[in-house]
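> how would this look folded up:
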Amino acid sequence: MSDDRNDLVLEILKGIQADIREIKRDIGSLNMRVSSLEDHFRGTLTTLYSIQSDVAHLKGRVDRIEHRLGLKDTEH
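Reported below is the predicted structural model:
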């Protein structure tokens, strides 16, 4: 009877080990996906900041043009 219990416990432990291996693989895959998303997000932020800078530059140019033309509506 003791051997049967030991065999049963051993099989249960082997199953748990297999589950843990699968979980570790899944976590590794998820870590890679999150890293990829972080890189993409960083690139998107860089693009956004560049666009904001371009818009601010264009706003300044429009303000100067409006001022030179003597237009009253120079508030943005």
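
> what about Asp63, neighbour count?
The number of residues packed near Asp63 is 14, by other CB atoms under 10 Å. For the C-beta atoms, the positions are set from N, CA and C on the backbone; glycine is no exception.

> Asp26 - how many residues pack around it?
By other CB under 10 Å, neighbour count at Asp26 equals 10.

> how about it, secondary structure?
The three-state label given to Asp26 by DSSP: H, G, I helix; E, B strand; the rest coil is helix.

> how near is it to Val34?
12 Å (CB to CB, to the nearest Å).

> just want to check the distance between Arg68 and Glu22.
Applying CB to CB, the value for Arg68 to Glu22 is 69 Å.

> ugh, typo on my part, it should be Leu8
Using CB to CB, one obtains 22 Å as the distance from Leu8 to Glu22.

> helices of the chain, start to end?
Taking DSSP state H to define them, one finds helices in the chain at 2-69.

> in it, what spans have low per-residue confidence?
Counting by pLDDT under 70, the chain has low-confidence residues at 1, 73-76.

> mind doing that once more with 80?
Applying pLDDT under 80 to the chain picks out residues 1, 72-76.

> which residues touch Ala56?
Ala56 makes contact with no residue, according to CB atoms under 8 Å, 6 or more residues apart in numbering.

> how near is it to Ser50?
11 Å.
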